[in-house]
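**Q** All I have is the shape, not the residue letters:
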Ligand SMILES: Nc1ncnc2c1ncn2[C@@H]1O[C@H](COP(=O)(O)OP(=O)(O)OP(=O)(O)O)[C@@H](O)[C@H]1O
Ligand SMILES: [Mg+2]
């Protein structure tokens, strides 16, 4: 489902000096497979997910969704591929502050032109599954960090994306709610999605097909 070959990415420090973050990352994730990526802060985990999810371009290397080399597409086609394939759970949630929790979840469906009553029911079912249905009318600033994270999870999976990329999905959650989200993420993999989770929690690795550590810009298996 997802294949990355030779991903290379550098940033420029404010001083102008290059910061090499990805130095040739290869990764392959099959449908139904859960892959966990660990690594110290600043090692490039979010950068890797952003490149895999077509949110950022690499400087080199390729990303494939099924048999399409999506890294080679133009901007518009890339964003269509993202809409059709990718559910992205951001480390910083990125909920829109002017929309309620439920509206934020439904945003995912609006992007792909699906916003009927069935979608609304599915959104509320997902919110109930992770314990935020009773906060559906709250705006993001009226939600705790962990509630925002759970709402962001619902938005990421609303469209049943074949590829789910989750960046520290339990970073703001207590053990009990973290376990609920991790179970829901494993459920996506069991339902056939290819899933990549970035996490420091050892529990995240439970049920994972592969656990990698990002080190010096490359993935190593521990
Ligand atoms: N836009 C940018 N410009 C310059 N440097 C950047 C930029 N974005 C990230 N970096 C640098 O790239 C490196 C990797 O960042 P990244 O966010 O991918 O790390 P991470 O592994 O996700 O860390 P964390 O665990 O803290 O979330 C960091 O050293 C960061 O300072
Ligand atoms: Mg990060």
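**A** Nice, thanks for sending it over. Just so you know, these numbers come straight off a predicted model, no measurement behind them. Ligands and ions are numbered 1, 2, ... in the order given.

**Q** Kindly report the residues of the protein close to ligand 2.
**A** Selection of the chain residues close to ligand 2 by C-beta under 5 Å from the ion yields 45-46, 91. Yep, even glycine has a C-beta here, placed from its N, CA and C like the rest.

**Q** before we move on, which element is the residue in the chain that ligand 2 sits nearest to in?
**A** Closest approach of the chain to ligand 2 (C-beta to the ion) occurs at residue 46, with a separation of 3.1 Å. The secondary structure element spanning residue 46 is helix 45-52 (assigned by DSSP states H and E).

**Q** Residue 127 contacts residue 105, correct?
**A** Yes. Counting by C-beta atoms under 8 Å, a contact exists between residue 127 and residue 105, whose distance comes to 6.5 Å.

**Q** Common neighbours of these two, please.
**A** When C-beta atoms under 8 Å, 6 or more residues apart in numbering defines a contact, the residues bordering residue 127 and residue 105 alike are 151, 154.

**Q** Looking at these two, which one has more neighbours?
**A** Each of residue 127 and residue 105 has its neighbours counted (other C-beta atoms under 10 Å); residue 105 has more, 28 against 24.

**Q** what mean pLDDT does the strand or helix carrying the more buried one have?
**A** Using DSSP H and E, the element containing residue 105 is helix 101-111. Taken as a whole, helix 101-111 carries a mean pLDDT of 90.

**Q** quick one: which of the residues of the chain next to ligand 2 has the most company?
**A** The most crowded member of those, judged by other C-beta under 10 Å, is residue 45 (24 neighbours).

**Q** Not counting its neighbours along the chain, what's nearest it?
**A** Of all residues beyond its chain neighbours, the one nearest residue 45 is residue 198 (4.4 Å), with distances taken as C-beta to C-beta, 6 or more residues apart in numbering.

**Q** can you pull out the strands in the chain?
**A** With DSSP state E as the criterion, the chain has strands at 2-12, 18-29, 34-38, 60-65, 68-69, 86-89, 163-167, 194-198, 210-215, 218-220.

**Q** Serialize those strands to JSON lines and add fields for mean pLDDT and distance to residue 184.
**A** Below are these laid out as JSON lines (pLDDT from 0 to 100; distance: least, C-beta to C-beta, whole Å):
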{"stretch": "strand 2-12", "mean pLDDT": "97", "distance to residue 184": "20"}
{"stretch": "strand 18-29", "mean pLDDT": "96", "distance to residue 184": "18"}
{"stretch": "strand 34-38", "mean pLDDT": "96", "distance to residue 184": "12"}
{"stretch": "strand 60-65", "mean pLDDT": "97", "distance to residue 184": "23"}
{"stretch": "strand 68-69", "mean pLDDT": "96", "distance to residue 184": "28"}
{"stretch": "strand 86-89", "mean pLDDT": "95", "distance to residue 184": "11"}
{"stretch": "strand 163-167", "mean pLDDT": "97", "distance to residue 184": "10"}
{"stretch": "strand 194-198", "mean pLDDT": "96", "distance to residue 184": "11"}
{"stretch": "strand 210-215", "mean pLDDT": "94", "distance to residue 184": "19"}
{"stretch": "strand 218-220", "mean pLDDT": "94", "distance to residue 184": "25"}
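
**Q** wait, which of those strands is closest to residue 137?
**A** Across these, the minimum distance to residue 137, taken as C-beta to C-beta, is reached by strand 86-89, at 22.1 Å.

**Q** Pull up the residues of the protein that are close to ligand 1.
**A** For the chain, the residues in contact with ligand 1 (C-beta under 6 Å from any ligand atom) are 11, 19, 21, 39, 41-47, 91.
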